[in-house]
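J.: Build the 3D model from these lines:
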Amino acid sequence: MPENKENLEKRSPVVVVLGHVDHGKTTLLDWIRKTKTAEKEAGGITQSIGAYEIIHNGERITFLDTPGHEAFKAMRLRGAKVADMAILVVASDEGLKPQTEESIRILKETKTPYVIAFTKTDLPTANIEKIQNDLTAKEVLLEGRGGDVSWQAVSGKTGEGVNELLDLVLLLAEFLDLTFDPGIDARGFVIECRKDPRQGNIATVIVKNGVLKPGIVIKTLTADGKIKILEDYAGRTAEGLKPSSPALVIGFNNLPQIGEEFVVGEGKLTPLIAEATVLAEKEKQELKPAVLKADVSGSLEVLKDIFSDKVNILESSAGEITDGDIKTAISGKAFIIAFRTKMNRLAEGYAKNQQVKIIDSDIIYDLIEQVGDYLDTFKEEEASGKLKVLKIFGKSGSEQTIGGEVVEGAIQNNRRITVSRNNIELGEGRIINLQENKVDVQEVKAGSQGGLLVESSIVIKPGDEISQRAVK
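T.: Residues are numbered from 1 along each chain as shown. Next up is the predicted model:
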């Protein structure tokens, strides 16, 4: 049923919170929600996407809290696409960091309106003036500095400036004129899903139009079912949820994919296109095979994003490690990477008898380090090298075509790189194509020039240095 403009009603904004790890996103939301979530999280960082509702000046606001660690790129991208607007959090004592710059890029690419919160203003090392100058250099033009991006200095610990920040959110929502039609079939997006041993498939969704009710058929491109139980974000049974409400849905016959659009009734679906890196089959076959396991589908998506270029993923699924997973690992000569999940008793004995390697952790950066150490034992020696960038030929999204001369060692294809400017490391990337004399090669040695297709969030400039470190 098409939207009827005469039936439109005002809806509240869905706000995504973006920024670098440990810049105070969750602490800020803790103050807003009057909770202590940050103190309960393993490793002190948010590790799954959460949806919360608050009331400010009589108006409802829905928040998506997205993780800031670099491993959660896919989840941050998904959050920005589902949301109406964003709060970009920047710590006033640290300034712009890699995930800050990546968040800015995502907001620009998705054309998501946003306001900026300068956090940790209670610290003596806070320097908002410097950060404002840094943002201007990144073409983020603030109000009062020739632009229209609103900002507010806040402290998540004292609450200073938080009410004013929420005022800016509501002001931006009013400008966007967000509406919905209560008479059409409900639709929205899946932001999380998991399998529960007692309740079955559980999906967390955000309603974007219509009114979601229990007892009706619901579908995505990969899953369908009937809503048996509908709960609001606080776990209360709901008879109907309007946009922009977070909802917990029980009744899918199988788990939907994170980021998918859902509809009820006869509504048509439009897939949400996600960024992905596709490895060549030959390269995948050369990687160490692995089985991925995670507590929920959102975490599983994170694991895929982290390890897709490090291991050959034979199988991935959410839930506990089963004897079936052990059998897959044995037949594929693989090891198992497990995040925030356990092993059932049968699988535990089977894995021990068959000596299946299992690497597990509840903290993502600890898991990354353990897997990296394990994979290093299988690596042959790789060359180190440095290349001076001479020319930039083009840029498309995060991919840049550059030319340069290898001044030390050798530069190799399909490897990580570090980008430096004036002896200062700016960040990392990866060479995804390497040429010498316009012919694809695996290596360019010192004294020769080459053309590189580089994937990186860093904007590379002539004179920059690209380096690779030797790995054994």
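J.: From here on, just use CA atoms for contacts and neighbour counts.
T.: OK.
J.: for the stretch 251-400 of the chain, which spans come out with low pLDDT?
T.: Confidence mapping of the stretch 251-400 of the chain against pLDDT under 70 gives the ranges 270-286, 378-383.
J.: can you give me the helices for it?
T.: 281-286, 297-307, 323-331, 345-354, 364-376 (DSSP state H, counting those that start in this stretch).
J.: Could you dump those helices into JSON lines with distance to Lys34 added?
T.: Below are those laid out as JSON lines (distance: least, Cα to Cα, whole Å):
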{"stretch": "helix 281-286", "distance to Lys34": "47"}
{"stretch": "helix 297-307", "distance to Lys34": "25"}
{"stretch": "helix 323-331", "distance to Lys34": "41"}
{"stretch": "helix 345-354", "distance to Lys34": "40"}
{"stretch": "helix 364-376", "distance to Lys34": "26"}
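J.: Most tightly packed of those?
T.: Of all the helices of the stretch 251-400 of the chain, helix 297-307 carries the top mean neighbour count, a mean of 21, counting by mean count of other Cα atoms under 10 Å.
J.: Just want the angle from that helix to helix 364-376.
T.: Taking axes from the mean of the first three to the mean of the last three Cα atoms, to 10 degrees, helix 297-307 and helix 364-376 form an angle of 40 degrees between their directions.
J.: what about dumping the CA coordinates of helix 297-307 to PDB?
T.: C-alpha atoms of helix 297-307 as PDB (Å, rounded to 0.1, in the frame of the first residue of the first chain):
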ATOM      1  CA  SER A 297      24.600 -12.600  14.100                       C
ATOM      2  CA  GLY A 298      25.800  -9.000  14.600                       C
ATOM      3  CA  SER A 299      29.000 -10.300  16.200                       C
ATOM      4  CA  LEU A 300      29.300 -12.800  13.500                       C
ATOM      5  CA  GLU A 301      29.200 -10.100  10.900                       C
ATOM      6  CA  VAL A 302      32.000  -8.400  12.700                       C
ATOM      7  CA  LEU A 303      34.100 -11.500  12.700                       C
ATOM      8  CA  LYS A 304      33.600 -11.900   8.900                       C
ATOM      9  CA  ASP A 305      34.700  -8.300   8.400                       C
ATOM     10  CA  ILE A 306      37.800  -8.800  10.500                       C
ATOM     11  CA  PHE A 307      39.000 -12.100   9.300                       C
END
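J.: so Lys386 bridges to which residues?
T.: The bridge-partner assignment for Lys386, based on DSSP bridges, gives Glu408, Ser467.
J.: mind checking how far it is from Pro462?
T.: Relative to Pro462, Lys386 is positioned 14 Å away (criterion: Cα to Cα, to the nearest Å).
J.: and stretch 343-353, how far out from the chain's middle?
T.: Here the centre of stretch 343-353 is set off from its chain's centre by 32 Å, with Cα atoms, centre = their mean, to the nearest Å.
J.: let me redo that: stretch 397-405
T.: Stretch 397-405 has its C-alpha centroid displaced from the chain centroid by 24 Å (Cα atoms, centre = their mean).
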